[in-house]
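Trainee: just the structure for this:
(2 chains)
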Amino acid sequence: MANSCAVIGVGQTQYKTKRLDVSMAGLLREAARRALDDAGLTWRDIDAIVVGKAPDLFEGVVMPEVFLADALGAAGKPLIRVHTAGSVGGSTAIVAANLVRSGVHDRVLTLAWEKQSESNATWALTVNSPFTTSLVVGAGGYFAPHIRAYIRKSGAPEHIGHLVAVKDRENALRNPYAHLRIPGISREMVESTPMLWEPIRYLDTCPSSDGACAMVLASEDAAKKAPGKPAWVQATAMRSEPMGFVRRDNVSPQAGKDCAADVYRQAGIADPRRELDCAEVYVPFSWYEPMWLENLGFCGDGEGWKLTEAGATAFDGDIPWNPSGGVLSSNPIGASGMIRFAEAAMQVSDRAGEHQVDGARRALGHAYGGGAQFYAMWVVGSEKP
Amino acid sequence: MPSDVNHVVEFPGGYTRSVGPVIGRFLSELRDGRMVGVRTSGGRVLVPPTEYDPDTGDDVTGEFVEVGPVGTVTTWSWVAHPAKEHPFDRPFAWVLVRPDGADTALVHALDAGVFDAGAEAPKFLKTGMRVRPKWRAERTGTIGDIECFLPEVTMINPQAKLEFRLSGGRALHRYLEGIAQGRILGSRCPVCEAVIVPMKETCPRDGVPTTEEVELPDVGTLTTYAVNNIPDPRAPEVPFVSGYVLLDGAGVPLLTLIAGVPADQVRMGMRVKAAWKPREEWSPSVGNIKWFEPVDEPDVPFDEIKDYL
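Mentor: Predicted structure coming up:
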């Protein structure tokens, strides 16, 4: 049986298009300091550092963990980098949690970030090779055909994506760190924005953000000394699958289903919709909410859009999804997964401020990445497992 | 334009001025490469310092405070056509700079870079921009010890370039050999019996070596697609369609460009065929196929493609 592990500190930066006021190191330290302050600790109290980053070409810095080691307070300490594309923030938190759960370390600082303004992610996703057709369509162009397939398979009406786009941005108005803050956001506003990759309109997409997120993870003994309420890690799971294989289900990838089943089994959850109080789920394009509702077992196949339409995932719904505003409101790619994990922890430790879901005791953090290939999930709770 | 000078008055040797302890301190510090202000009894820091508080007329406190050297531009004026008396012979800006720690600003010249005469003010020049003095090497204790102000360094632009030799391994090499001859090659998995294209040595689903090379026709069915409206110099003109084509007999759809049909007439299940570049342009590259375009055949029912989405 693994040791207990708790989130005892969370730190986030302001997310915005360009953080020209800080270097990459400054950005990380801003999040790390806030997490340390929240945990009532200093750099000296940390035993190990685990960082996560999306592909190096995204911001053009190869192996940033090397030049950032001292900025992260890692001199003389173990420093590990994790890399699983867009899901990396989640995988990073899991690697960090496992260093605590295995009894190796008492206090681990984990961080993930992206300074998207320093380069161009679409360029980085489109490096020509003679082996594959390169179409310069970006992430939206990659996911649009799979969204089309979902709509065709499920018979969802065209406005479902817009409902998610509005809901998450309304939630973002409660989150002081959110990048996109659009007072008066409405379905009409979303529908009036340009069609980028049919059926994805401009406001159905996530922004491109600079930002960092950090957490301090602690053993049971260390958590007892923390000033705030701990969020206990109740279950973690990761899965991956290749990008293309015979009869791959791009709409609801098997790796996502397996990862969800594993994390629920560990947490003793039979019905996620009833037994979780809220979820922070990686939804970079609005249509991925109904798709992931199905993939994550919150409902049956083809039923996800009905939950969205009925308002089940709204802030005051029976299972609020992305009360922070989600990836649709802030997307520093490498950090986006960790933000989901951190926000889930904030909910169950009463740290979420104005976007606190009343009485949240158990929450899901979810991240996915690559061509929907890499999955990382955790369940956190106010009770020790 | 002023008329040509025809009369000059000049006092031999120049006038002398005693600068007193306040201005004198400011100039002495300038000569040492520092900027100081003086504090008023109300707590304000005046730069350049004066001997009295201009608001009240009271004496200043005599407390000198090092300020800057970085400062903030509080306002500016662009000089597109410098006169010969000006500190630059190319466009520059007059700026009011409030050094960090000061409550007042001083006027000086800002070197904004090299611009042709008459150029418009650069976009980065704005109130609030951060600047720092450029000191002369030889200083004498005058405001001219600051040659000008320069924008703070806020951004650098390191260039990066990676060079490498691509090797796709045996199966992809064989696939490109085929493409160079106008053939599309796949490999069959002995377990699921499906044909994987581009060919692979191992089935990603079953994890076993593939056993049989299979040539596929260049005709197939469009399973799903995106209409792309974001222009990019490296991409086709918008709107363009990217889609997945399941070649007849294949088990995996290929990502490709769909053309030869208006974007709004593209359909799931549409039958398509490869449009090859002229044979003399072929190389071992997937680029030999320009795109897939519709053929005059009935669409394939959704049920037959739904497991390949």
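Trainee: A:C5 contacts A:S102, doesn't it?
Mentor: No: taking contacts as CB atoms under 8 Å, A:C5 lies outside contact range of A:S102: 9.4 Å. Glycine gets a C-beta too; all of them are placed from N, C-alpha and C.
Trainee: so where's chain B shaky on pLDDT?
Mentor: B:1-3 (pLDDT under 70).
Trainee: can stretch A:18-36 be said to contact chain B?
Mentor: Yes: interface with chain B: stretch A:18-36 contributes A:L20 (CB under 8 Å from any CB of the partner chain).
Trainee: buried set for that stretch?
Mentor: The neighbour-count check on stretch A:18-36 (16 or more other CB atoms under 10 Å in any protein chain shown) flags A:19, A:22, A:24, A:27-32, A:34-36 as buried.
Trainee: repeat for stretch A:163-182
Mentor: A:163-175, A:177-180, A:182.
Trainee: sec struct for A:V100, please.
Mentor: Judged by DSSP: H, G, I helix; E, B strand; the rest coil, the three-state class of A:V100 is helix.
Trainee: if you skip the residues just before and after it, what's nearest to it?
Mentor: Nearest residue to A:V100 in three dimensions, chain neighbours excluded: A:C5, at 4.1 Å (CB to CB, 6 or more residues apart in numbering or on different chains).
Trainee: A:C5 and A:S102: which is more packed in?
Mentor: Per other CB atoms under 10 Å in any protein chain shown, whichever of A:C5 and A:S102 has more neighbours is A:C5, with 29 against 11.
Trainee: residue nearest the centroid of the chain?
Mentor: No chain in the question, so chain A it is. A:G337 (2.4 Å; CA atoms, centre = their mean).
Trainee: other chain: chain B
Mentor: Geometric middle of chain B (CA atoms, centre = their mean) lands on B:N157, at 8.5 Å.
Trainee: host element of that residue?
Mentor: For B:N157, there is no enclosing helix or strand under DSSP states H and E.
Trainee: for the residue nearest to the centre of chain A, give me phi and psi.
Mentor: The phi and psi values for A:G337, taken as degrees, to the nearest 10, are phi -70, psi -40.
Trainee: ranges for the strands of chain A?
Mentor: With DSSP state E, the ranges of strands along chain A come out as A:5-12, A:48-53, A:79-82, A:107-115, A:195-198, A:200-201, A:210-219, A:231-240, A:278-280, A:362-369, A:374-381.
Trainee: and of those strands, who's closest to B:V214?
Mentor: strand A:231-240 (28.1 Å; CB to CB).
Trainee: packing partners of the closest one?
Mentor: Counting contacts by 3 or more CB pairs under 8 Å, 6 or more residues apart in numbering or on different chains; DSSP states H and E, strand A:231-240 packs against strand A:5-12, helix A:88-101, helix A:254-267, helix A:333-348, strand A:374-381.
Trainee: distance from it to the middle of the chain?
Mentor: Taking CA atoms, centre = their mean, to the nearest Å, one finds strand A:231-240 lying 13 Å from the centre of the chain it belongs to.
Trainee: one more: stretch A:6-14?
Mentor: On CA atoms, centre = their mean, the centre of stretch A:6-14 falls 14 Å from that of its chain.
Trainee: do the same with stretch A:41-57
Mentor: Distance, centroid of stretch A:41-57 to centroid of chain: 17 Å (CA atoms, centre = their mean).
Trainee: kindly check the end-to-end length of that stretch for me.
Mentor: 34 Å (CA to CA, to the nearest Å).
Trainee: spit out the contact partners of the nearest residue to A:P130 once chain neighbours are set aside.
Mentor: Take A:P130 and drop its neighbours on the chain: the residue closest to it by CB to CB, 6+ apart is B:S285, 3.9 Å away. B:S285 makes contacts with A:130, B:176, B:179-180, as judged by CB atoms under 8 Å, 6 or more residues apart in numbering or on different chains.
Trainee: try it again with 10 Å
Mentor: Applying CB atoms under 10 Å, 6 or more residues apart in numbering or on different chains, we find B:S285 in contact with A:128-131, A:133, B:176, B:179-180, B:277.
Trainee: out of these, who's the most crowded?
Mentor: B:I179 (23 neighbours).
Trainee: for that one, give me its contacts.
Mentor: Here B:I179 is in contact with A:130-131, B:185, B:198, B:276, B:282-289 (CB under 10 Å, 6+ apart).
Trainee: one more pass at 6 Å, please.
Mentor: Contact analysis of B:I179 by CB atoms under 6 Å, 6 or more residues apart in numbering or on different chains lists B:N288.
Trainee: looks to me like it is in a strand.
Mentor: No: under the criterion used here (three-state DSSP), B:I179 is helix, not part of a strand.
Trainee: most tightly surrounded among the helices and strands packed on strand A:231-240?
Mentor: Counting by mean count of other CB atoms under 10 Å in any protein chain shown, helix A:333-348 has the highest mean neighbour count of the helices and strands packed on strand A:231-240, with a mean of 31.
Trainee: count of neighbours near the residue of the stretch 51-200 of chain B found nearest chain A?
Mentor: Closest contact between the stretch 51-200 of chain B and chain A, by CB to the nearest CB, is at B:A194 (4.1 Å). Neighbourhood size, B:A194 [other CB under 10 Å]: 21.
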